[in-house]
Every structure is written in structure tokens, then in C-alpha cells.
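*Asks:* Here is my input, please return the structure:
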Amino acid sequence: MSKTIVVALGGNAILQPNQEGTYENQLNNVRTSSKFLAKLIQEGYKLVVTHGNGPQVGNILRQNEEAENVVPPMPMDVLNGESQGFIGYMMVQCLQSELNALGIDVPVVNTLTRTQVSKDDEDFNDPSKPIGTFYTEEEAKTLSSERNWNMKEDSNRGWRRVVPSPEPINILEADTIKQLAEAGNLVVACGGGGIPVIQREDGEYEGIEAVIDKDRSGYKLAEEVNADVFMILTDVNHVFVNFGKPDEKALEEISVSDLEAYVSEGQFSKGSMGPKVESALNFAKNAENGRSIICSLEKVDEAVRGNSGTIISK
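*Replies:* Numbers count the residues shown, from 1 in each chain. The predicted structure follows:
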């Protein structure tokens, strides 16, 4: 039986740093990414792809702000749904085209995905994830007063709205995604970490203003669909320890226990590689016979054969 890979696609695969966020630029990037992702299907794997949406949600939020006197603005959970829709559309178009060109008969589908979080998550008490437009301090104070937004200074570049980034608890559409993948579909799901929702006392779900780290949601998704491999694609070929120092070292094949030791040393930055390592480590540690891979997009086929990337297993 074919093994299943859940791939968490980095934001650069959709929009490069300092690149204008036009539809054409993003479509071209997704088209390039699709050529590499299709190699995993060629290798005989079933594939579930999740992706980031940070720049896209930020742009939609700004559209909401600029047009608020003309069109009523929507809450953050709805904006996440919007980004899942249009990024998913681009990915379905490009992946299907690439598979057709290779003569591979695999349907591609995008699944709108909700991620359950806890309303008691500590990040709701001290939001820290910056999103959207930069403001002056005076503008920030006005928005804080008028809209009850949490505003913080961001790297001396101005003030921005900050929102919670809670831990994912459960991927609500995981069973459907699993069934679609097992039936032979390439599934795009859980974009941007999933639409954040909380469960009310009556058992129903409602959206909440938050964003979720896509690698952490990717881990939960991989766990809940019983994936064999969880792969995080980024812009480097390996995870490094002592990064930027004379004794810098690339990690290739590594055990869970050895990687945990590096984590306890504080080797991985919370703002960059930390969440990726944490998510990959959790999957390799908790999945039965599962392994995690952190590698570059261009090396996906080599990485699944064990010839590139950082490969984590028990």
C-alpha cells in the first residue's frame, strides 16, 4: 500500500520576500512548487499538502481596512477562509496541470479546513503575532481605543495589530482529508494553519480572532491522518546547530533523543526554525514508525530517499 506524506509548504513557495503580491507572481511561484511536489507522487506516495498564508492574510486584512467605509470588514477567521480558497485554487490548478503533463491520473482537491484551539490558551492573554498594516503610535492608540485591538511596536518599523497564535488541538476535517487521500486524491488542506475555531458549551464551533502556526497544524494533521512521513519544506537543505558560528553543523539523519538534546540547549530560534523543529520532533516521537523530514523544496525527491534534508526518527 502507498505511504502517505503530509507536506507543510513554506511561505516562500507562494510569495518570495520583497516580491509584489500580485496574482501572477504567486501563481508562477505555485507553478514552480508544483513541479517539485509532483515528484512525490512519481515516487509512489499519497500526498496531503498544507501551506502558509501570512502575506496573503495580511493583504486581505489591509483591503478590509482600506475599504471599511465602503464594504463591511470581515473577522480574522473569515479572512483565513478566504486565503484558503484562493491559494487552494492556485494549487489545484497548478498541481493538476503538472500531474497531467506527467501522465499521472491523480485528482487534486482543496479542502476548507478548521482547526480547533482552546479559548483558554495562554496566548489569548498576551497576543504577540503581528499582522497587517504598520501604523504610527498615535494611530495605534486610536485603533486600540476604537476597535479594542491589541497594538505593539514591531521592530522599530511602526505599530501593528497583534493577535493570538494558540496551539492547535484538533483538525476538524481530518477524517475527511484522510478518506480523500486514501481514495487516491492529492489533497490540499489546512492552509494557513487552518481556520481557528473554539468549541462552545453546546458543542458547536465558532470562529475566533487568531492565527495558527502552519507547521504546528501540519504536525497535528499528519498525526490525525496517520501519515507515514511529515515533511516540512523550507529554504535550506538541512537544520543546523551552532548556526552562523565557526562550528556550524548540518544535521542529516538524527534520532529523536539527540534532537531533543539540541532543543534543550536552545539551538533553534523561536522566530524561525524553532516551530519547525518542534513540530517535526513531535511527529517522529509520537507516530508509530513515522519519520519527519525538514528539507528544501528542490530536494523533496532526494529527501524521501534519505539522500538530503534533516531526517528525524526514533
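*Asks:* And the longest helix anywhere in the chain, how far out from the chain middle?
*Replies:* Ranked by residue count, the top helix of the chain under DSSP state H comes out as helix 76-101. Here helix 76-101 is found 14 Å from its chain centre; the criterion is Cα atoms, centre = their mean, to the nearest Å.
*Asks:* Near the closest residue to residue 189 other than its chain neighbours, how many other residues are there?
*Replies:* Closest residue to residue 189 apart from its sequence neighbours, by Cβ to Cβ, 6 or more residues apart in numbering: residue 111 at 4.4 Å. C-beta coordinates here come from the backbone N, C-alpha and C atoms, glycine included. Other residues lying near residue 111 total 17 when counted by other Cβ atoms under 10 Å.
*Asks:* Then the one 4 residues further on?
*Replies:* Residues lying near residue 115 (other Cβ under 10 Å) number 28.
*Asks:* Which residues are in contact with it?
*Replies:* Counting by Cβ atoms under 8 Å, 6 or more residues apart in numbering, residue 115 makes contact with 168-172, 190, 193-197, 212, 217, 220.
*Asks:* Go ahead and build a ChimeraX selection from the buried members of those residues.
*Replies:* Restricted to buried positions by 16 or more other Cβ atoms under 10 Å, the ChimeraX selection for these reads:
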select :168,171,172,190,193,194,195,196,197,212,217,220
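*Asks:* So which elements touch the helix or strand residue 274 falls within?
*Replies:* Assigned by DSSP states H and E, residue 274 falls within helix 273-286. The contact analysis (3 or more Cβ pairs under 8 Å, 6 or more residues apart in numbering; DSSP states H and E) places helix 273-286 against helix 214-224, strand 229-234, strand 239-241, helix 256-264, strand 291-296, strand 310-313.
*Asks:* let's go with 6 Å and repeat that
*Replies:* Judged by 3 or more Cβ pairs under 6 Å, 6 or more residues apart in numbering; DSSP states H and E, helix 273-286 is in contact with helix 214-224, strand 229-234, helix 256-264, strand 291-296, strand 310-313.
*Asks:* Nothing else from me, thank you.
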